[in-house]
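Asks: prediction below, plus the sequence it came from.
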Amino acid sequence: MINIGIIEDNHFQLNNYKEFLEDFQECKVVFACKSMEEFKALPFKNPDVKVILLDISLPGESGIQGMQELKQIYPEAKIIVLSGHDGKQYVIESIKNGASGYIIKTSRLMEIYHSILDTVNQGGTLSPKAAHLLISYINKDPLENIKHKLTKREYELLTLLKEGYSYKEMADKLYVTVFTINQHLKKIYQKLNVGSKSELISKIWSNNLFSWLLIGISAIQMINVTII
């Protein structure tokens, strides 16, 4: 039996999800609330909830704000965001805060049912749009977070350094001397508060790795995510 909780502020959609899912023998909706505040006021919280369908645009406390509390109450439950928002920031913030899936509300009810099964059996689910946004975030330029601190020339130099060019190769490619390369690097060290080339490279790539850590998805989980 898959015990399911739903938090959705639209009364029609809330009842629609509940009635549809309860037509399946393996699904049981154990709570259906219109806000985080209504959920918190429940006199009894079933401890065996496996999936929570969560709208993130709720009156009062938002779904994203409420995710941590939901995870504390139901540490084993998988949270699937059902949202009308398809912007990158909503997808990323939801995953960062512990969501195991993100589905756009225009999805058909049967797709939502299959996403629940996929999440329970395989670890996660994403609508194609959400998957595209997540992948583009993970694959973003590792220099993006520090680009605003650099001049155009410094950014070009760091891009070459990231790709493994030697000082001599960088000088030839940029039509400057190795001395000029060293002068640029000294300024970059000061701006980024690092003391060596190895520390600089480590800082560049740690920005990209940090993105992975923030979204909280391991490589294994990424493999398990099903795109619906």
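Replies: Nice, I can see it.

Asks: what sits against R153?
Replies: L174, H184 (C-beta atoms under 8 Å, 6 or more residues apart in numbering). (C-beta placed from N, C-alpha, C; glycine too.)

Asks: ok, then the element right after the host helix or strand of it?
Replies: Taking DSSP states H and E as the definition, R153 sits inside helix 152-162. Sequence-wise, the next helix or strand downstream of helix 152-162 (DSSP H and E) is helix 167-174.

Asks: and the contacts of that next one?
Replies: Here helix 167-174 has contacts from R153, E156, L157, L160, L161, Y165, T177, V178, T180, I181, N182, using C-beta under 8 Å, 6+ apart.

Asks: SS state for N15?
Replies: helix (DSSP: H, G, I helix; E, B strand; the rest coil).

Asks: what sits against it?
Replies: A32.

Asks: looks like K105 contacts L82 (just checking).
Replies: Yes. Contact criterion C-beta atoms under 8 Å: K105 and L82 qualify, at 5.7 Å.

Asks: between those two, who's got more neighbours?
Replies: L82 (23 against 16; other C-beta atoms under 10 Å).

Asks: wait, that one touches D55, no?
Replies: Yes. L82 is within contact range of D55, at 5.7 Å (criterion: C-beta under 8 Å).

Asks: this structure: helices as residue ranges?
Replies: 11-21, 36-40, 63-73, 88-96, 109-122, 128-138, 152-162, 167-174, 178-192, 197-215, 219-224 (DSSP state H).

Asks: quick one, domains of the chain?
Replies: According to automatic domain parsing, the chain comprises the domains 2-139, 147-212.

Asks: roughly how far does N182 sit from K152?
Replies: 18 Å (C-beta to C-beta, to the nearest Å).

Asks: between those two, who's got more neighbours?
Replies: Shown here are N182 and K152; by other C-beta under 10 Å, N182 has more neighbours (11 against 8).

Asks: grab the nearest non-local neighbour of that one.
Replies: Y167 (7.1 Å; C-beta to C-beta, 6 or more residues apart in numbering).

Asks: in the helix holding R153, which residues are buried?
Replies: E154, Y155, L157, L158, T159, L160, L161, K162 (16 or more other C-beta atoms under 10 Å).

Asks: so which of these sits lowest on pLDDT?
Replies: Of all the buried residues of helix 152-162, K162 has the smallest pLDDT value, namely 75.

Asks: surely that residue touches L143?
Replies: Yes. K162 is within contact range of L143, at 6.9 Å (criterion: C-beta under 8 Å).

Asks: what stretches of the chain score poorly on pLDDT?
Replies: 135-142, 198, 201-228 (pLDDT under 70).

Asks: repeat the analysis, applying 80 as the threshold.
Replies: Across the chain, the ranges flagged by pLDDT under 80 are 85-89, 106-107, 127-146, 162-164, 195-228.

Asks: quickly list what F31 is bridged to.
Replies: Assessed by DSSP bridges, F31 has beta-bridge partners G5.

Asks: tell me, how many residues neighbour it?
Replies: 18.

Asks: so what's it up against?
Replies: Contacts of F31 by C-beta under 8 Å, 6+ apart are G5, I6, F39, L42, K45, N46, V49.

Asks: if we go to 10 Å?
Replies: Neighbour list for F31: 3-7, 18, 38-39, 42, 44-46, 49, 52 [criterion: C-beta atoms under 10 Å, 6 or more residues apart in numbering].

Asks: ok, so what distance separates it from T106?
Replies: 25 Å.

Asks: I112 now?
Replies: To T106, I112 is 11 Å away according to C-beta to C-beta.
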